[in-house]
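Got a predicted structure here, sequence first:
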Amino acid sequence: MAEDSLSLKLSALADPTRRAILQRLASGEASVTELAAPFAMGMPAITKHLKVLERAGLITRGKTAQWRPCRLEPAALVEVDDWLGFYRRFVHDNLDRLEDYLRDLQAPVPPAPTSSTGDKP
């Protein structure tokens, strides 16, 4: 079954190693060796992570002589951001309603009306 592009991207983003790779690529292109350096895993594992990111369209890999730089494709994240935007608004709306409710709870209670003649009810 073919996966839609949003599912591919969210699946790729689900892994902390892949998110760390994307974070590194946000500062500029890097080689596979440079991307692998901070991780305690072999090159085959890093290559598998890069293939997942590339399949999702989140990175591209160029070829300059023997160097195959990886680079982030920021436009690919727009689809994820658009999808999250709905939920971001949902969360903010709910937090705004909660804030209003809490403000109402904390509002001073006006005193009960009293009669000016001093008569008891």
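Received the coordinates, thanks.

what number of residues lie near Trp83?
Burial of Trp83, expressed as a neighbour count using other Cβ atoms under 10 Å, amounts to 13. All C-beta spots, glycine's among them, are computed from the backbone N, C-alpha and C.

now Leu77
Here the number of neighbours of Leu77 (other Cβ under 10 Å) works out to 17.

pLDDT score for Glu73?
You'll see Glu73 listed with a pLDDT of 96.

What separation do you get for it and Gly42?
Using Cβ to Cβ, to the nearest Å, Glu73 is found at 25 Å from Gly42.

How about the helix or strand where Asp82 lies, which residues are buried there?
Asp82 belongs to helix 77-106 when assigned by DSSP states H and E. Of all the residues in helix 77-106, those buried under the rule 16 or more other Cβ atoms under 10 Å are Leu77, Glu79, Val80.

ok, now how distant is the first one from Leu25?
Translated: Leu77. Counting by Cβ to Cβ - Leu77 and Leu25 are separated by 11 Å.

Then the last one?
Here the criterion is Cβ to Cβ. By it, Val80 lies 15 Å from Leu25.

Can you tell me which helices and strands the lowest-mean-pLDDT helix or strand in the chain packs against?
Here the helix or strand of the chain ranked lowest by mean pLDDT, DSSP states H and E is helix 77-106, holding a mean of 82. Using 3 or more Cβ pairs under 8 Å, 6 or more residues apart in numbering; DSSP states H and E as the contact criterion, the elements in contact with helix 77-106 are helix 5-13.

what's the angle from the helix it packs on to helix 77-106?
Between helix 5-13 and helix 77-106, the angle comes out at 80 degrees (axes from the mean of the first three to the mean of the last three Cα atoms, to 10 degrees).

Sweet, I'm off.
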